[in-house]
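1. Structure here, sequence nowhere to be found:
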């Protein structure tokens, strides 16, 4: 007779003792433990918190106007030279294709580490030059320093933001909105911090933006990583409640910054008062950590409840099923037709599937989106960059001009979060195409441009609100559309390609249109061409200074809205379907179990990789972490260096390292690896997709003995 080892009581036995209360009824007993702290530190939601702080610290390019007077005075630059430095700042901030390509072949921590090094080296050299610690560098070298420092922003965006989008693919609009919202607030955050740390010293602000972003990235360099996404069952709904909590905290942060901006302009603050204001700011910035702890406790409680409710397994049939599977031949898929990469480039997959980089760049959808972004972002960015001159030409006092800049910063944040959350609701509830929201934003921006062009009295306040909102709203929409239409496989590169529309639009509409027409109008005004003490700077007064420019910008924005309607028409049927169906359980295997997306232990070890071949492959690493004994034992054969390289690449990623024999000829799905041949020579391999061992052997003109391979879990 077999007795069940369950928890039920027997018929004549003594009554079972009352079970102790479940540990999750007392949250402090769980939260104040080392195990729970580790769960929080390696969880999906702590990655979001780390990304929020990294992106908040990455907005140094938005405060160039604060320290540019110190740069101009210390190095003896005129306005034309300062504008040249500013151009390289904008170019560096938006030229992020390199960071995207690096992120395709390395984990996010490599991208963040490179960005931290670039930020520290670039801005630190600028600070040393401005502070007189080094000899005055030539202009081209200062432009290079600023370009390198500003380009680190693209590395922070790629390493943190792209990772979060891949970790939450069903909430990408919400994720982009909230993360981009914190980027929009970074300028106001830096202003409060530098006043507390260094007082009203613009030179020291350059030192702050040199060390603070680098320090934040280094602290969280092993926290931000791509985690397997848990595919949910058909009837389950994803929870965006934590993101709404992040939204409420960000609204409170924006309100606090707005109040401090107003109060500090009305009253004189001491150094102690600035320090107290900065301390309160830091408390608000760390409030999202409470949301992370609450969400991880919920995950912990659900795990315990599922473990208590799950019946004990009666039999174990995994090995038998595996053998049966090995005996049963798997139906082979038809071999793809041999086509050249040029033909494949013009034969993209269906929308929503993973495009290659070339397929996306030459597609009509990308061209339409890029043109619409040039018109929309270029027009609003022109208004933002010239807000000081616009206010001056329309007769506003300098104090009001500073208010315009603050309004643009706050409403830039509001546009980012509103567009992200609202467009996600439109897509999920009403299946409306996200490009339709972009069209509405472009039409709304036309109202702000017309208020500037017509010079409506006292209307520049409303224009700054509209333009700031529309500028911020366009970015999460553009980046979400790219991820939905072209897939997430090469999102790092495509994300940064979309950002390149900003400098293109700024150069066309700001430099070629607004700049030339402003100088031409200033030259026609007798006595206004040179302001007192302005040197060579031309000053234009009156409504006509920017009238023609913004009428042209309005027409360009309307054209961009019409172009975006083409994208609405092309993607209408795509958005009417379920664009997130691939992230739910279907015919494919579940990518992860549990609310945090981490794989169960039994799925991490011993499971054969996709494509079969379990007998020809043995797992030599667990979740990407190699042991010291493995590396030392391999050093004799010359593999230790390569294993160490693989170990560094997968330090904090969800990977598994396999050792395959050279006899395996099927596709392996490896992303990184090295192979060793019969001549005892090792070859380092980096690839973007699947490859065959037979191809490796033929390429190196030798028979392959074995290969170490990294595969995403």
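-> Yep, that arrived. Keep in mind the model is a prediction, meaning the values are calculated, not measured. Numbers count the residues shown, from 1 in each chain.
2. List the buried residues of the helix or strand encompassing residue 573.
-> Here residue 573 sits within helix 544-576, counting by DSSP states H and E. Residues of helix 544-576 classed as buried: 545-550, 552-554, 556-558, 560-561, 563-568, 570-571, 574-575 (neighbour count, 16 or more other Cβ atoms under 10 Å). All C-beta atoms are positioned from the backbone trio N, CA, C, and that covers glycine.
3. And stretch 99-119, by the same measure?
-> Using 16+ other Cβ under 10 Å as the test for burial, stretch 99-119 gives 99-104, 106-119.
4. With stretch 149-161 instead?
-> Residues 149-161 are the ones in stretch 149-161 that count as buried (16+ other Cβ under 10 Å).
5. out of these, who's nearest residue 526?
-> residue 150 (39.7 Å; Cβ to Cβ).
6. residues near residue 363, how many?
-> 18 (other Cβ atoms under 10 Å).
7. The residue lying closest to it once chain neighbours are set aside in helix, strand or coil?
-> Of all residues not flanking residue 363 in the chain, residue 348 sits nearest, at 5.7 Å (Cβ to Cβ, 6 or more residues apart in numbering). Counting by DSSP: H, G, I helix; E, B strand; the rest coil, the backbone at residue 348 sits in coil.
8. My guess is residue 348 contacts residue 359. True?
-> Yes - contact criterion Cβ atoms under 8 Å: residue 348 and residue 359 qualify, at 4.3 Å.
9. Residue 483 and residue 413: what is the separation?
-> 21 Å (Cβ to Cβ, to the nearest Å).
10. Compare neighbour counts for the two and give me the winner.
-> residue 413 (28 against 23).
11. Are we agreed that the more buried one is in a helix?
-> Yes - Residue 413: assigned to a helix according to three-state DSSP.
12. So what's the predicted local confidence for it?
-> You'll see residue 413 listed with a pLDDT of 90.
13. Go ahead and confirm it touches residue 254.
-> Yes - assessed by Cβ under 8 Å, residue 413 is found in contact with residue 254 at 5.4 Å.
14. Quick check: neighbours shared by those two?
-> Residues within reach of residue 413 and of residue 254 at once, by Cβ atoms under 8 Å, 6 or more residues apart in numbering, are residue 185.
15. any idea which helix or strand comes after the one helix or strand residue 374 maps to?
-> Here residue 374, judged by DSSP H and E, is contained in helix 364-385. Reading on from helix 364-385 to the C-terminus, the next helix or strand found by DSSP H and E is helix 387-393.
16. So what touches that following helix?
-> So helix 387-393 is contacted by 383, 398, 400-401, 404-405, 408, 452, 460, 464, 518, 539-543, 545-546 (Cβ under 8 Å, 6+ apart).
17. How about it, which residues are buried there?
-> Buried residues in helix 387-393 (16+ other Cβ under 10 Å): 387, 389, 390, 391, 392, 393.
18. Same question for stretch 199-208.
-> 202, 203, 204, 205, 206, 207, 208.
19. could you point out which element follows the strand or helix carrying the fourth one?
-> Which is residue 205. According to DSSP H and E, residue 205 maps onto helix 202-219. Following helix 202-219 in sequence order, the next helix or strand is helix 241-266 (DSSP H and E).
20. Can you name every helix or strand that that next one contacts?
-> Contacts defined by 3 or more Cβ pairs under 8 Å, 6 or more residues apart in numbering; DSSP states H and E place helix 241-266 against helix 44-56, helix 172-198, helix 271-285, helix 288-309, helix 398-430.
21. residues contacting residue 212?
-> Taking Cβ under 8 Å, 6+ apart as the contact definition, residue 212 lies against 57, 193.
22. distance of it from residue 505?
-> 30 Å.
23. Residue 348 now?
-> Separation of residue 348 from residue 505 (Cβ to Cβ) stands at 26 Å.
24. If you tally nearby residues, what's the number for residue 461?
-> 14.
25. give me every residue that touches the closest residue to residue 190 other than its chain neighbours.
-> In space, and not counting its chain neighbours, residue 190 is closest to residue 63: 5.2 Å by Cβ to Cβ, 6+ apart. Taking Cβ under 8 Å, 6+ apart, we find residue 63 in contact with 187, 190, 191, 205, 209.
26. Got the confidence number for residue 72?
-> So residue 72 comes in at 82 (pLDDT).
27. where's it, which helix or strand?
-> Assigned by DSSP H and E, residue 72 belongs to helix 64-75.
28. Which other helices and strands does that helix contact?
-> By 3+ Cβ pairs under 8 Å, 6+ apart, helix 64-75 packs against helix 79-94, helix 108-130, helix 202-219.
29. try it again with 6 Å
-> helix 108-130, helix 202-219 (3 or more Cβ pairs under 6 Å, 6 or more residues apart in numbering; DSSP states H and E).
30. What residues sit buried inside it?
-> Those would be 64, 66, 67, 68, 70, 71, 72, 75, for helix 64-75 by 16+ other Cβ under 10 Å.
31. biggest separation within those residues, which pair?
-> Spanning the widest gap among the buried residues of helix 64-75 are 66 and 75, at 16.3 Å by Cβ to Cβ.
32. who touches stretch 479-490?
-> Taking contacts as Cβ atoms under 6 Å, 6 or more residues apart in numbering, the residues outside stretch 479-490 that touch it are 165-166, 172-173, 176, 351, 353-355, 357, 360, 365, 434-435, 491, 494-495, 498, 579.
33. average pLDDT across that stretch?
-> The model assigns stretch 479-490 a mean pLDDT of 92.
34. Next one, pLDDT for residue 374 please.
-> 96.
35. likewise residue 224?
-> The model's pLDDT for residue 224 equals 92.
36. Next, it: phi, psi?
-> Dihedral pair for residue 224: phi -80, psi 120, per degrees, to the nearest 10.
37. got the contact list for it?
-> Here residue 224 is in contact with 47, 50, 108, 160, 163 (Cβ under 6 Å, 6+ apart).
38. hang on, the third one packs against residue 161?
-> No - with contact defined as Cβ atoms under 6 Å, residue 108 does not reach residue 161; the gap is 10.1 Å.
39. which residue packs closest to residue 177, ignoring adjacent ones?
-> residue 420 (1.5 Å).
40. give me the number of residues near residue 289?
-> 16.
41. do you know how far it is from residue 470?
-> Counting by Cβ to Cβ, the gap from residue 289 to residue 470 is 32 Å.
42. circling back: now list the buried members of the contacts of stretch 479-490.
-> Neighbour-count burial (16+ other Cβ under 10 Å) is assigned, among those, to 165-166, 172-173, 176, 351, 355, 357, 360, 365, 434-435, 491, 494-495, 498, 579.
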